[in-house]
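> model this:
(2 chains)
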Amino acid sequence: MEIENKTVETIPAITIRFAGDSGDGMQLVGTRFTDTSALFGNDLATLPAFPAEIRAPQGTIAGVSSFQVQIADFDILTPGDNPDVLVAMNPAALKAHLHDLAPNGMLILNEDAFEEKNITKAGYKVDPRESGELDGYRVFQVPMEKLTKEALEEFDLPGRAVLRSKNMIALGLISWTFNRPLEDTENWINDKFSKLPDIAKANIKALKTGYNFGITVEAFHHTYVVEKASLPPGEYTNINGNIGLSWGLIAAAKKADLDLFYGSYPITPASDILHELSKHKNFNVITFQAEDEIAAAAASVGASFTGKLAVTGTSGPGLALKSETISLALSAELPLVIVNVQRGGPSTGLPTKPEQSDLMFALYGRHGESPLPVVAAKSPSHAFYAAYEASRLALKYMTPVILLSDNYVATGSEPWNLPDIEELNKLDTNIITKLNTEDGFLPFLRNIDTFARPWALPGTPGLEYRVGGLEKEEGTGNVSYDAANHQYMTDMRAWKISNIANDIDKLEIHGDESADTLVLGWGSTYGGITQAVNRLNEKGVKVASAHFVHLNPFPDNTLEVISKFKQVIIPELNTGQLLKLVREAFLVDARGINKVSGETFTAQELTDKIEEIINE
Amino acid sequence: MSKVPVTYKRTDMQSDQEVKWCPGCGDYTILASVQNFMAEMGISKEKIVFVSGIGCAARFPYYMNTYGVHSIHGRAPAVATGVSVSNPDLSVWVVSGDGDSLSIGGNHLIHALRKNVNIKILMFNNQIYGLTKGQYSPTSEEGKKTKSSPFGSVEMPLNPMSLALGAEASFVARTIDMDRDLTAGILEEAKNHKGSAFVEIYQNCNVFNDKAFEQLTNKETKVANRINLVHGEKTVFGEDGHKAVVIRNGIAQIVDTKDVDESEIYVHNIHEENPSIAFSLSRLSHGPYGPTPLGVFRKVQRDTYTEEVHGQIDMAKEQKGEGELDKLIRSLGTWDVS
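Reported below is the predicted structural model:
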């Protein structure tokens, strides 16, 4: 349809945030817009945010759920800092998010929700539309509820069901404004409601009504387009961290010729890994929803003893409960991957918010001398490779490995340039099927390169052996209380892990290598840090960055990298945990940029803070 | 499970490790019973796995020449669940104690029984904490004086048979260390049972709780106090069978045999679907005091967790075909950038 006076402006990137009640379907709208943009060929990154409560009281700030997406025609690393567009479905959503909206940003309000009752519930004394606080933004008021009711009059649906479709008005309108076709979402709706054709038709009608509202109302005749991104060639999919991590585990099992066992107890934000893996039983995946966190870990140890790629997944509080069982796996020298999708702590803390505050706990949260490898995912697509790497180390070195993700990686999404499955390295195991000495089987006779012990699986004749948490005699594995043996085994378990430093990717320098300042990071802050360094380099500020995937042991070139710089800055979503580790390990006077607000760093925030420190 | 008949000598089932329980401990008798039974049970020893938690009984796997895991306190049923579901071909046995199973590991015990995981749980009940040198346990009698209860325990003890039946266990039995024949018979029944089996074994701790089961072992008293539960047989006990069990209003009661019509005497049926009578039998004594039932309380068939899990995997493979990574990573839709 040709629209008179329609102007289309091409822009390189846009950040849109959808905000509404947790029952308003904002996650869905965000995901649909994201998927359509991904299929169109934009680069993108997403940031969902939702309350811990399933349905907090309607209309209150506590109940606001939001979804932010940045789409761009270039390679982006974060879901954007301040949104350029805010869709607020009610006054509470406006109140919770207006402060983030960029100056002169586009503000789309569901005007039907701005009744006195809702305005008061949101904590406003005066209607914000009349108080002047929206000055400086481009405000568009849309009667979304009225439009929905009128559009769906022809369907015989109860009132509540009708209003549930108002998110489709918002999606339709945003699709118009950013020149996105509706077809993909129509197909999705038809598929989703294939058994409820009336609901499907009603939602599509609402979607089109929103789109047509844009066509009809002159205020929306200035539209925008973000062209395809010039990403490296390849086949892409849009992936979030929990799914990427799940697939990485499946791939690792397959490439090790093992079956995957996943023991877990439901916990936010790790549950989606359990859900995802439960779908893929045709990969011989066994998912075990345990009676508690301890049983989830203990059953995984049993599975590991029996020859599975055994994984147990959880979030912070659950890791605390698994601690004793991890020590058993460590002492028995059995492979085990422990996934910790970090959230705000301590205790129940902030279950739906990201934080990097379990790093020290991952490294040291066990009784006794109990070092183990720690690997961290740095982005949603990297979660695939991080899971693969954690599995590789566990199987090769017969050790538990902690894999850290966090809520930001787990729920955020980005395009993933799919790997060639054929080219993923095969994973070696220590499975043994024959006696390893002339005199019999020695379950703790180690591989001379890796120090790993052999993995004899029940069912293998002649290799029957017993293993447990009591100290073992080197070689025989028999219970031993011998003083020298305990010293030796303690040292051996430590050597085995520190030796891994030679078998992992080196720490790489990004940005200006001639700079005096290095920004060191780990985990989910990768996007923000890298973007900040890029921005500073573009401005002519000399700075470089390096990002740890392996937190224990550190890559063997870490000291060499750090020594190249006069100043080291470590941004983290905690009070300075990597900072302490780096200061202790490398005796460097590093500075921290720390934040524990339940939000990640924006790229701009890091840009400013890094520059400030450099200029001191 | 392997059907190939394999027989061993008892010594084939013994590991090369020195057994380190206190001299006179009931565990020795149980170990001998189990080794004798395993030598002849017809399963190759590489397919047998013993899993234990912590406590005196938990050292058991070290003494068996099979695969074994000496795990952590209370968690053996969970570890064994992982073993069993990972390889349904294995014969998986848990050895535990009253503290390990009923105190720190209570949660894992009830869920393994509820899920009917194909594991056999042997719970040695000595009504005391032995390895930590003599504190009262969750099965110690009320008033029990120990180091941690110098004025007597104020806790109501658990009845392990009642607990297992309440947890939907499909196989529940009780034996006593000294009675090797009864133990052997129950081990055979447990082995043949599809699903989880819970076997309580009264075990004398001669150091910290000696003679706890004397009423059931002493020549003078055992006839009067042992109610032998035998499938298909009338439940009479005592000298010349002068006592009998009857079920009145669904509740098991002990009566003088001469006072009731023979037809009223309870004929034991281990296959009864409804667990109420088995539960009521478990309430005849609350510990080894006075007339106490021994034998199989319940043995009913239902689907096992182990089989069901693998059934779903087989079904998924039948419906979707063997998983392919190439397809998996493209399953959410893809686009090409050239």
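> B:Glu272 and B:Ala278 touch, don't they?
Yes: with contact taken as C-beta atoms under 8 Å, B:Glu272 and B:Ala278 are classed as touching, separated by 6.9 Å. Quick note: C-beta positions are derived from backbone N, CA and C, even for glycine.
> For the two, indicate the residue with more neighbours.
For B:Glu272 versus B:Ala278, the count of surrounding residues by other C-beta atoms under 10 Å in any protein chain shown is larger for B:Ala278: 26 against 14.
> gap between that one and B:Lys191?
Counting by C-beta to C-beta, to the nearest Å, the gap between B:Ala278 and B:Lys191 amounts to 20 Å.
> next one: A:Ala501
49 Å.
> for A:Val69, same thing?
Computed with C-beta to C-beta, the distance linking A:Val69 and B:Lys191 is 59 Å.
> And the helix or strand of chain A with the lowest mean pLDDT, what does it pack against?
Comparing every helix and strand of chain A by mean pLDDT, DSSP states H and E singles out helix A:159-163 as the least confident one, with a mean of 85. Contacts of helix A:159-163 with other secondary structure elements, assessed using 3 or more C-beta pairs under 8 Å, 6 or more residues apart in numbering or on different chains; DSSP states H and E, are made with helix A:144-151, helix A:197-216.
> Can you get me the centre-to-centre distance for the first one and its chain?
Taking the mean C-alpha point of helix A:144-151 and that of its whole chain, the gap between them comes to 36 Å (C-alpha atoms, centre = their mean, to the nearest Å).
> Mind listing what's buried along that helix?
Of the residues in helix A:144-151, A:144-145, A:147-149, A:151 count as buried by neighbour count, 16 or more other C-beta atoms under 10 Å in any protein chain shown.
> Looking at the stretch 51-200 of chain A, which residue is nearest chain B?
When distances are taken as C-beta to the nearest C-beta, the stretch 51-200 of chain A approaches chain B most closely through A:Asp184, which lies 8.9 Å from it.
> my guess is A:Ala52 meets A:Leu350, correct?
Yes: with contact defined as C-beta under 8 Å, A:Ala52 reaches A:Leu350; the gap is 7.4 Å.
> Tell me how far the residue nearest to A:Asp81 when sequence neighbours are not counted lies from chain B.
Setting aside the residues directly before and after it, A:Asp81 is nearest to A:Thr602 in space (C-beta to C-beta, 6 or more residues apart in numbering or on different chains), at 3.8 Å. In this structure, A:Thr602 and chain B are 27 Å apart, going by C-beta to the nearest C-beta, to the nearest Å.
> which residues sit in contact with A:Thr602?
With contacts taken as C-beta atoms under 8 Å, 6 or more residues apart in numbering or on different chains, A:Thr602 has the following neighbours: A:78, A:81-82, A:528.
> Considering those residues, which possesses the most neighbours?
If you count neighbours using other C-beta under 10 Å, the busiest of these is A:Thr78, which has 28 neighbours.
> The residue lying closest to it once chain neighbours are set aside: neighbour count?
Take A:Thr78 and drop its neighbours on the chain: the residue closest to it by C-beta to C-beta, 6+ apart is A:Gly527, 4.2 Å away. The burial count assigned to A:Gly527 is 24, neighbours taken as other C-beta under 10 Å.
> Likewise for B:Asn36?
The burial metric for B:Asn36, expressed as a neighbour count using other C-beta under 10 Å, is 17.
> For it, give me its contacts.
When contacts are counted by C-beta under 8 Å, 6+ apart, B:Asn36 is found next to B:10, B:180, B:184.
> Now stretch A:578-594: buried residues?
By 16+ other C-beta under 10 Å, the buried positions in stretch A:578-594 come out as A:578-579, A:581-583, A:588, A:590-594.
> again, but for stretch B:292-310
Along stretch B:292-310, these residues count as buried under the neighbour rule (16+ other C-beta under 10 Å): B:292-300, B:304-306, B:309-310.
> give me phi/psi at A:Ile448?
Dihedral angles phi and psi of A:Ile448 (degrees, to the nearest 10) take the values phi -70, psi -20.
> show me the contacts for it.
Under the contact definition (C-beta under 8 Å, 6+ apart), no residues are listed for A:Ile448.
> Report the separation between it and A:Ser413.
Plainly put, A:Ile448 is 44 Å away from A:Ser413 if you go by C-beta to C-beta.
> re the thing from before, tell me the two of the contacts of A:Thr602 that are most distant?
Every pair in the contacts of A:Thr602 was compared (C-beta to C-beta); the two farthest apart turn out to be A:Asn82 and A:Gly528, at 13.6 Å.
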